[in-house]
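Trainee: the sequence and its predicted three-dimensional model are supplied below.
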Amino acid sequence: MIIAANQPYFCPYPGFFTKAFLADVFILLDEVQFPRGTTWLSRNRFKNDQGELWLTIPVWKKGLGLQAINQVKICQAGRWPRKHLASLATAYGKAPYLAEHAPFLEKMFASGFTNLVDLNVAIIRYLMGCFQLDTKLVRQSELGVTAGGSQLLLELCRVTKAKTFLTLQAAHKYLDTELFSKAGIELRPFSYEAPVYPQLWGDFLANLSAFDLVFTCGPKARDILLRSQQVVR
């Protein structure tokens, strides 16, 4: 069995789902530390007539010290949900498939999620459905594994009885390969090339939120996504 792992990003880019496609089980690392600075966990890029459109989910951090990802609370104050919806409606009003996803977008910003991770997981599950991915999605917190670094990933392999851990080529150098080798776990790196597809608003921008691909390409999005994967080495 092949597993992969990733932090539960907000509205992830297509490569996130390429990794999920290549694995049998995709583990969301929801108990690792939430970064102090800017992070893909609470913001991501879309596209409008000005180029990059950043959407950020405000979260509570001040005075809370170090938090695990699954402890981070969304700040419900202000009108940001309405503003985010309006920004997406303006940016993608001419996208061929926006209307199909509008009900989910409205639910996404109106549901009043308390924890950031719950919002992110709901989005990830929705986009996996859009790409017709049947990979099993599991949270780290469901597995009871709380180690750190390479040891965490190794323990995830052990608890899921996986024999192969999938990792992006660029991240492979940060792993303790000897640790995995001694445990009889294969480290399988793969490379990813951002898919090119028709976009609104001028020059192509790579690695936007996968919603950009879904809004503009609809049922073709899955084939475009899968063409972006490289041979696993």
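Mentor: Okay, I see it. Numbering: from 1, shown residues only.

Trainee: now F190. Its backbone dihedrals?
Mentor: phi -140, psi 160 (degrees, to the nearest 10).

Trainee: what's the spacing between it and L154?
Mentor: 19 Å (CB to CB, to the nearest Å). Placement of C-beta: from N, CA and C, glycine included.

Trainee: go on, F26?
Mentor: 17 Å.

Trainee: who has more neighbours, the two?
Mentor: Between F26 and L154, counted using other CB atoms under 10 Å, the more crowded position is F26 (24 against 21).

Trainee: surely that one touches M1?
Mentor: No - with contact defined as CB atoms under 8 Å, F26 does not reach M1; the gap is 11.8 Å.

Trainee: residues making contact with the helix or strand bottoming out on mean pLDDT in the chain?
Mentor: Sorting the helices and strands of the chain by mean pLDDT, DSSP states H and E puts helix 169-172 at the bottom, at a mean of 83. Applying CB atoms under 8 Å, 6 or more residues apart in numbering, the contact partners of helix 169-172 are L187, P189, F190, S191, R233.

Trainee: in which helix or strand would I find the second one?
Mentor: This points to P189. Under the criterion of DSSP states H and E, P189 resides in strand 186-190.

Trainee: please pull up the helix or strand immediately following that strand.
Mentor: helix 210-217.

Trainee: what's that next one packed up against?
Mentor: helix 14-22, strand 43-48, helix 98-110, helix 116-130, helix 221-227 (3 or more CB pairs under 8 Å, 6 or more residues apart in numbering; DSSP states H and E).

Trainee: quick one: distance of the first one to the chain centre.
Mentor: I take that to be helix 14-22. 9 Å (CA atoms, centre = their mean, to the nearest Å).

Trainee: which residues sit against it?
Mentor: Counting by CB under 8 Å, 6+ apart, residues outside helix 14-22 touching it are 2, 4, 6, 9, 26, 124, 127-128, 131, 133, 135, 137, 166, 168, 190, 192, 194-195, 207, 210, 213, 225-226, 228-229, 232.
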